[in-house]
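Structure of the sequence below:
(chains A, B, C and D)
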Protein chains: 2
Amino acid sequence: MRLSPQYIPRDLDSWSIGGQPVVGIEDVARRAGVSPSTVSRALRGRSGVSDRTRQRITELAAELDYSISRSASGLATGRTWCIGVVVPFIWRWFFGQIIGGAEQVLRAAGYDLMLYTAGDEESRERFFRELPVRGRVDAVLVLSMDLTEQEADRLRGLDLPLGLVGHEAEGFSSVHIDDRQGTRLAVQHLINLGHRDIAMIQGLEPKPLGAIAPVIRRDAFLQTLRDNDVEPRPEWLVPGEFSISGGERAMDRLLAGAHQPTAVFAYADELAMGALRSLRRHGRSVPEHMSIVGFDDHEMSEYVDLTTVAQPVRAQGATAAQLLIDQLDAKSRKTTVVPVPIDLVVRGSTAPPRRSAER
Amino acid sequence: MRLSPQYIPRDLDSWSIGGQPVVGIEDVARRAGVSPSTVSRALRGRSGVSDRTRQRITELAAELDYSISRSASGLATGRTWCIGVVVPFIWRWFFGQIIGGAEQVLRAAGYDLMLYTAGDEESRERFFRELPVRGRVDAVLVLSMDLTEQEADRLRGLDLPLGLVGHEAEGFSSVHIDDRQGTRLAVQHLINLGHRDIAMIQGLEPKPLGAIAPVIRRDAFLQTLRDNDVEPRPEWLVPGEFSISGGERAMDRLLAGAHQPTAVFAYADELAMGALRSLRRHGRSVPEHMSIVGFDDHEMSEYVDLTTVAQPVRAQGATAAQLLIDQLDAKSRKTTVVPVPIDLVVRGSTAPPRRSAER
DNA sequence: ATGAAAGCGCTAACAT
DNA sequence: ATGTTAGCGCTTTCAT
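Here you go, the predicted model:
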């Protein structure tokens, strides 16, 4: 028999960490003069409880400040009401937005959000090896992680509903833009302006490559150039670590080269902003000396007057979360794929080259 | 007796959501020829298991892809190895950084992170009413929420270690800057440049006010003006919703007034950036027509050449997380307060007013 | 060093 | 409509 709260001696200096809830379902039941099952039924909105009883129990629970033990409930039902959300970084605008969109939808559906970041090689490898989500969540939502097939497989092994933003994968409900088309939009825009010497600041490519955004955009970049009879220069493909300063370093490198491009396509707006910073530091003006196109339409992009490929961000997080919830509700293995529209937003960072490039 | 995995019929169309793990501790025990207790001891690093046995069990567990059920373990021990992290928004740079800092430390200590956002009035009220963290987490970390006394009290009622970034509160281990000093630094800088007509774009102030950042900075702003014999104008205190466009609207409002300030102190860099955007749209140049000072030293602030009060952000999240972990380890109720240094970074957005203000 | 047994708090199938 | 009972999977005394 459990003691009632006032008889539990509290150590004033130390926590009873690991202790059980002070008031349990049995306490509520006893006070209400019913059995624990009735309390459970009443509180979970199950049928088979008279309105009067339910009412009384609800009030009593509130009065005693009772809340169910998630561990016990989870153990008994197998449901955790938690969704694992995996992102590479959380401190980038793009991911903050996308998590925010997902969070809102999950919360509204009664789920809590367990956040996992797996950005660098090490934490990523560790996440997929240990799968800390195991036994903790009812479903997993992967946000713009550019999963390798191997990683996707580990997740499939969880036998849980899976969601993905950024590309498609067998067994995942997903939401994604057409990266190829987005890239074409950007690069063709530069070519139409008269540029032929075009560089790209790339996104990071995970080890075992798949048909994922950084690869697709790079390929589409090269393909678009070739489609326009422009032979790409390998040294004009520079890798950019996903941050403003990463973009800055990438542009520094381009500017240090013997030949310089007249335009640059950046994998993401934050990289483009870094590029702008580098250009300014080097005294090159945009778009006079160099045109820049980004990707995402970051909230600062309008301010810095950056031409970019716009995609909805929050909405993608929200939609992906919703797909997952739908699957959970329907207990269905059937996945859904939602395509997302994109849009070239032309601003002041792109213009025709000063004179046509000599080669 | 549980069936072994291969005998569990899998429905190919629907999830067995709510099912229990496919391989449990008992399976491992049976295969290892020991009892569940020994497996438990072996896997949790408890003493009383021979090295050979422990070794064998560890390998077997890996082979069977066994992972403990967190619900069951949590129920038995009362420990969830989860920390609840509460932030107002996650899509703002500042919060992304601070969560990132906390996440890294928590993860390293073996904790998972449960993310709760409570930005707008409604979700905030709901969070503190329902306290969804109850029974889910071992501790709660509140990041820059500017808690009211009432809210802090709800949290204290959880009887769990509590952490706080941004201000101090009884019962919380905290990490915070000196907002008063930061504000003085910024405003005095403007005054020293010769400004006397200074406006402030404020932060949001929660309903039942406490000694929290938005209030402290506003008061310090007014006090600094008065200390310099400048009488503040009420209409030059404009509220800013915490976003770039919030800052933009605030500046729009200032520019629409009959009298206009020669300098503006913004509660945060993102508000300042919005102000810059508004100024540019109105054809006013910075710092010629108007000086701007922000707060935080956002990663874009250098690029937009914004004078600002710099504070470490990631580090504050990390430190707060560490304080919490220390408390958890020591099972101690003793809280710690860590002051954080700040620094005025003077850039190009501030200069003397064009001519001294006439009054 | 290891095993047996008794829970942890809640839920659900089966009574009544 | 409500109560009884038997677990959920793990941990932890207490034996041995």
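
Under the pLDDT cut-off, which ranges of the stretch 101-250 of chain A? List them.
A:206-211 (pLDDT under 70).

which residues touch the closest residue to DNA strand D within it?
Per Cβ to the nearest atom of the strand, A:G135 is where the stretch 101-250 of chain A lies closest to DNA strand D, at 7.7 Å. From N, CA and C alone the C-beta is placed, and that goes for glycine too. Residues near A:G135 by Cβ atoms under 8 Å, 6 or more residues apart in numbering or on different chains: B:P21, B:S67, B:I68, B:S69, B:R70, B:S71.

Kindly report the same for A:L115.
A:L115 is in contact with A:V85, A:V87, A:I90, A:I99, B:V85, B:I99, B:E103, B:L113, B:M114, B:L115, counting by Cβ under 8 Å, 6+ apart.

Ok, A:L254 next?
With Cβ under 8 Å, 6+ apart, A:L254 has these contacts: A:A199, A:I201, A:W236, A:V238, A:Q260, A:P261, A:V264.

part of a helix, is it?
Yes. A:L254: assigned to a helix according to DSSP: H, G, I helix; E, B strand; the rest coil.

List the residues that contact the nearest residue to A:A61 once chain neighbours are set aside.
Closest residue to A:A61 apart from its sequence neighbours, by Cβ to Cβ, 6 or more residues apart in numbering or on different chains: A:V28 at 5.4 Å. With contact set as Cβ under 8 Å, 6+ apart, A:V28 has these partners: A:V39, A:I57, A:L60, A:A61, A:L64, A:Y66.

Number of residues surrounding A:D27?
For A:D27, the neighbour count with other Cβ atoms under 10 Å in any protein chain shown is 21.

hang on, the earlier thing: what about the residue nearest to A:A61, helix or strand, and which?
helix A:25-32 (DSSP states H and E).

can you dump the C-alpha coordinates of that helix into CSV?
The C-alpha trace of helix A:25-32 is given here as CSV (Å, rounded to 0.1, in the frame of the first residue of the first chain):
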residue,chain,number,x,y,z
ILE,A,25,-4.0,5.8,-10.0
GLU,A,26,-4.7,3.7,-7.0
ASP,A,27,-4.8,6.8,-4.8
VAL,A,28,-7.3,8.4,-7.1
ALA,A,29,-9.4,5.2,-7.2
ARG,A,30,-9.5,4.9,-3.5
ARG,A,31,-10.5,8.5,-3.0
ALA,A,32,-13.2,8.2,-5.6
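
Format the contacts of A:L254 as CSV; extra columns: secondary structure and neighbour count.
Shown next, in CSV, are these (DSSP: H, G, I helix; E, B strand; the rest coil; neighbours: other Cβ atoms under 10 Å in any protein chain shown):
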residue, secondary structure, neighbour count
A:A199, strand, 27
A:I201, strand, 28
A:W236, helix, 19
A:V238, strand, 21
A:Q260, coil, 16
A:P261, coil, 23
A:V264, strand, 31
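
farthest pair in these?
A:I201 and A:Q260 (13.7 Å; Cβ to Cβ).

on that earlier part again, in the helix holding A:V28, which residues are buried?
A:I25, A:D27, A:V28, A:A29, A:R30, A:R31, A:A32 (16 or more other Cβ atoms under 10 Å in any protein chain shown).

Stretch A:79-87 now?
A:T80, A:W81, A:C82, A:I83, A:G84, A:V85, A:V86, A:V87.

these two touch, right, the last one and A:I99?
Okay, so that is A:V87. Yes. A:V87 lies in contact with A:I99 (Cβ atoms under 8 Å); the separation is 6.2 Å.

shared neighbours of these two, anything?
A:L115, A:L143.

Which pLDDT value goes with A:I325?
Looking at A:I325, its pLDDT reads 96.

How about it: what's its closest non-neighbour residue?
A:A109 (4.8 Å).

could you check the distance from the one you found over to A:L323?
12 Å (Cβ to Cβ, to the nearest Å).

between the two, which one's more packed in?
Legend: neighbour count by other Cβ under 10 Å for A:A109 and A:L323, higher for A:L323 (26 against 16).

so what's the residue sitting nearest the centre point of chain A up against?
For chain A, the residue nearest the mean C-alpha position is A:L143 (2.9 Å; Cα atoms, centre = their mean). By Cβ under 8 Å, 6+ apart, the residues touching A:L143 are A:V85, A:V86, A:V87, A:F95, A:I98, A:I99, A:A102, A:V165, A:G166, A:G317, A:A320.

What residues are bridge-paired with it?
A:L143 forms beta bridges with A:V165, as assigned by DSSP bridges.

Now do it against A:A320, distance only.
For A:L143, the distance to A:A320 equals 7 Å [Cβ to Cβ].

Quick check: neighbours shared by those two?
By Cβ under 8 Å, 6+ apart, the residues touching both A:L143 and A:A320 are A:A102, A:V165.

ok so, going back, ok, and of the contacts of A:L254, which contact DNA strand C?
Among those, no residue is within reach of DNA strand C (Cβ under 7 Å from any atom of the strand).

Which one of the residues you listed is nearest to DNA strand C?
A:I201 (51.8 Å).

would JSON lines of the contacts of A:L115 with secondary structure be doable?
Shown next, in JSON lines, are the contacts of A:L115 (three-state DSSP):
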{"residue": "A:V85", "secondary structure": "strand"}
{"residue": "A:V87", "secondary structure": "strand"}
{"residue": "A:I90", "secondary structure": "coil"}
{"residue": "A:I99", "secondary structure": "helix"}
{"residue": "B:V85", "secondary structure": "strand"}
{"residue": "B:I99", "secondary structure": "helix"}
{"residue": "B:E103", "secondary structure": "helix"}
{"residue": "B:L113", "secondary structure": "strand"}
{"residue": "B:M114", "secondary structure": "strand"}
{"residue": "B:L115", "secondary structure": "strand"}
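
Could you find the closest non-adjacent residue to A:L147?
That would be A:A169: by Cβ to Cβ, 6+ apart, it lies 6.1 Å from A:L147.

The one you found: what's it in contact with?
Contacts of A:A169 (Cβ under 8 Å, 6+ apart): A:L147, A:E149, A:A152.

helix or strand for the first one, which one?
Taking DSSP H and E as the definition, A:L147 sits outside all helices and strands.

and the gap between it and DNA strand C?
Per Cβ to the nearest atom of the strand, to the nearest Å, A:L147 is found 33 Å from DNA strand C.

Please verify my assumption that that residue contacts A:I212.
Yes. The pair A:L147 and A:I212 qualifies as a contact (Cβ under 8 Å) at a distance of 7.2 Å.
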